[in-house]
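# pasted the sequence and its predicted model underneath.
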Amino acid sequence: MNHIPDKLFKYSNDLIQDKREEIDKDLAREIKNIEHNLERRGIENSGAWYSKRVEANLNAFEDFIRFIAKSDLKNFPLPKTKIVYEKIYERATAGLKGVYPFGIRNIIEEMKRNKEEQSFLDSIEKSIQAKMDYLDSIVKREIRKDKEREKFNKSCEKENYNLLKKIANELDEINIFFNKRYGTKKSLFTYWEYKFWFEVNKPCVTKDNFKNCIGYLSNLINEIKKDPIKNIIGEIESKGNQEPGSIIYLEELLKEKFPGKDSERIISCFKGILTIRAKLFHKETKETIEALNVFKLDYPIEDYQFTFNIIINNFANQISKLHNIFGPK
């Protein structure tokens, strides 16, 4: 594994160094607060004096190990082979091979100088080892998740064009079915709004890529035509000064004309996409987190391609449902 050039980890190394400095500062403050609190309560040099400081060090160490693994996995600049994954595991778990991480050695030596009972010392040692074993499993899990993510992304790279073509064809047919069902010449979805995007199919690996892709999807949803729906269900009363958007009209149409057709998932998906586009790139909000949860995704986004693949596959499923709903009677 040594033949993997160190320069390939240079960017990750810089981030890890910055993170270590940040953690050290936070840990120093945490230890100071713990000691101040225990001194104020008059229980310094008690069992809690040692155990709480050890716990703070272990929690900080966990944050650091998790960061190392995630940073290397995210920032390795080349495709990750088996050897690369082994090297990432080796780098992340190197700190687990020491007996005591961070400032724990000083605490253990302090306990020995103060002649703490061996049973108490043994329990502390046991908790340290349990944390080390746990962190080893965490690193393995992060690597396993990354492998699955890479596998999923590669699969989507091959299938995305066909998937997008399928969505475009189904949108064509939804327009045809809708027009035949309600005797209108106004399509539900705007033709060029999706035909152009699906022909442009490009990777979605950066924040800007993701913003553009979600923007295309949002435009498609926002451009659902309200007028033909109004002719079917009538005008929806405005709430306050805001006129109901096209998604509200579609929601009411599905509720009124197709009850029991599981249309809630369709609307939830569409609304989730609109919220992600509107909120994600401004600041963290409760709405953003809830919208990502619709797709079983976490905030913040760490892999834009993976995130978009999940969203577009979910969107495709909902378009298929809508296709079936508006299909031939």
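Great, that's in hand.

# going forward, measure contacts and count neighbours with C-alpha atoms only.
Fine.

# packing partners for the one helix or strand I310 maps to?
Applying DSSP states H and E as the criterion places I310 in helix 304-325. Helix 304-325 makes packing contacts with helix 118-182, helix 207-222, helix 263-279 when contacts are defined by 3 or more CA pairs under 8 Å, 6 or more residues apart in numbering; DSSP states H and E.

# for the helix or strand where A56 lies, what does the pLDDT average out to?
Using DSSP H and E, A56 sits in helix 47-75. Per-residue pLDDT over helix 47-75 has a mean of 92.

# before we move on, the earlier item: okay, the helices and strands packed on helix 304-325 in JSON lines with mean pLDDT and distance to S246 next?
Compiled in JSON lines, the helices and strands packed on helix 304-325 are given as follows (pLDDT from 0 to 100; distance: least, CA to CA, whole Å):
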{"stretch": "helix 118-182", "mean pLDDT": "87", "distance to S246": "15"}
{"stretch": "helix 207-222", "mean pLDDT": "87", "distance to S246": "6"}
{"stretch": "helix 263-279", "mean pLDDT": "91", "distance to S246": "11"}
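
# export those helices as TSV, with columns for mean neighbour count and distance to I34.
Listed next are those as TSV, based on neighbours: other CA atoms under 10 Å; distance: least, CA to CA, whole Å:
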stretch	mean neighbour count	distance to I34
helix 118-182	16	17
helix 207-222	18	40
helix 263-279	19	38
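
# and E256, which of the ones you listed is closest to it?
helix 263-279 (10.7 Å; CA to CA).

# for the helix or strand just after the helix holding A56, which positions count as buried?
Using DSSP H and E, the helix or strand that follows helix 47-75 in sequence is helix 82-93. Buried residues in helix 82-93, defined by neighbour count with 16 or more other CA atoms under 10 Å: V84, Y85, K87, I88, Y89, A92, T93.

# Three-state assignment for the nearest residue to G95 once chain neighbours are set aside, please.
Excluding its sequence neighbours, the residue lying closest to G95 (CA to CA, 6 or more residues apart in numbering) is P101, at 7.1 Å. Of the three states, P101 takes coil under DSSP: H, G, I helix; E, B strand; the rest coil.

# please shift the residue numbers so they start at 401 in all later answers.
Understood, numbering begins at 401; the last thing we discussed is P501.

# surely P501 and T493 touch.
No - using CA atoms under 8 Å, P501 makes no contact with T493, being 11.6 Å away.
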